[in-house]
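**Q** sequence and predicted structure below; questions after.
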Amino acid sequence: MTTHAAPLRRRPYWTRAAAVLQEWIREPAQVASLVPSAPALTQRVAKQPGVSNATKIVDLGPGTGGTTEALLAAAAENCRVLAIEKAAGFIEPLNEIVDGRLTVEHADVVGLERILLIHQMTSPDVIVSGIPFSSLDRRVATDIIKSVHRTLPKGGTFIAYQLRSDVARYASPLFGTPQTEIVWMNVPPLRIFTWTKQ
């Protein structure tokens, strides 16, 4: 069982919700939902295979950091978490998460492999993605998935939580058939896709 010297400080929901709405108004294509992810979703993501015993987790498109907090709560004390967020409006909420294991990077995940090299996070055990693949250009989406596949070691886990199933169309040719589940207690209900690299 994981224990932490300092428990995560719960951030006000409405502060995070305001940040989501502001960013959606500014860049609607980059924001998957008008409200932050519910605990029912973030906790299910954090319970996926590989998270609890990982030493390196990469969180792509974490938004205001609800999933990031859940991953930190579930991960081991020696696990490093790198959150990579493109939307400028989400960087401040992410930096409000007080945990020495977390690094926040304001960047586009199209440069994933370079970012991981800079942060000494190559070959992470788990990559989690909240990026809305359904709103991405097909070539960009394919490039991101290829980077994820190249980066993960054999036995590594790729987890994506999505409104639509576009991510499976891009990832399944490389990763195979995913395990899937729907989290109904989220607005909107989202699917969790989980692959283990063979």
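**A** Good, I have the coordinates.
**Q** what is the burial count for the closest residue in space to residue 119 that isn't next to it in sequence?
**A** Closest residue to residue 119 apart from its sequence neighbours, by C-beta to C-beta, 6 or more residues apart in numbering: residue 82 at 5.5 Å. C-beta: built from backbone N, CA, C; applies to glycine. Residue 82: 24 surrounding residues under other C-beta atoms under 10 Å.
**Q** so what pairs up with residue 82 in the strands?
**A** Residue 82 has the following beta-bridge partners by DSSP bridges: residue 58, residue 103.
**Q** return the distance of the spatially closest residue to residue 150 that is not a sequence neighbour relative to residue 107.
**A** Nearest in space to residue 150, with sequence neighbours left out and distances taken as C-beta to C-beta, 6+ apart, is residue 113 at 6.9 Å. Using C-beta to C-beta, to the nearest Å, residue 113 is found at 12 Å from residue 107.
**Q** could I get the strand or helix carrying residue 105 in CSV with only the CA atoms?
**A** Element membership for residue 105 (DSSP states H and E) is strand 102-106. Extracted in CSV, the C-alpha atoms of strand 102-106 (Å, rounded to 0.1, in the frame of the first residue of the first chain):
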residue,chain,number,x,y,z
LEU,A,102,5.8,15.7,-10.3
THR,A,103,7.3,17.7,-13.1
VAL,A,104,5.1,19.9,-15.3
GLU,A,105,6.2,20.7,-18.9
HIS,A,106,4.4,23.3,-21.1
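**Q** what's the next helix or strand after it packed up against?
**A** As assigned by DSSP H and E, the chain's next helix or strand after strand 102-106 is helix 112-118. Applying 3 or more C-beta pairs under 8 Å, 6 or more residues apart in numbering; DSSP states H and E, one finds that helix 112-118 contacts strand 56-60, strand 80-85, helix 138-151.
**Q** what's the closest of the ones you listed to residue 93?
**A** Minimum separation from residue 93 across these (C-beta to C-beta) falls at strand 80-85, 9.4 Å.
**Q** tell me which residues in stretch 97-113 are buried?
**A** Within stretch 97-113, the residues scored as buried using 16 or more other C-beta atoms under 10 Å are 97, 99, 101, 102, 104, 105, 109, 112.
**Q** for the record, mean pLDDT for it?
**A** Here stretch 97-113 scores 96 as its mean pLDDT.
**Q** between the two ends of it, how far is it?
**A** Its start and end residues considered, stretch 97-113 measures 24 Å (C-alpha to C-alpha, to the nearest Å).
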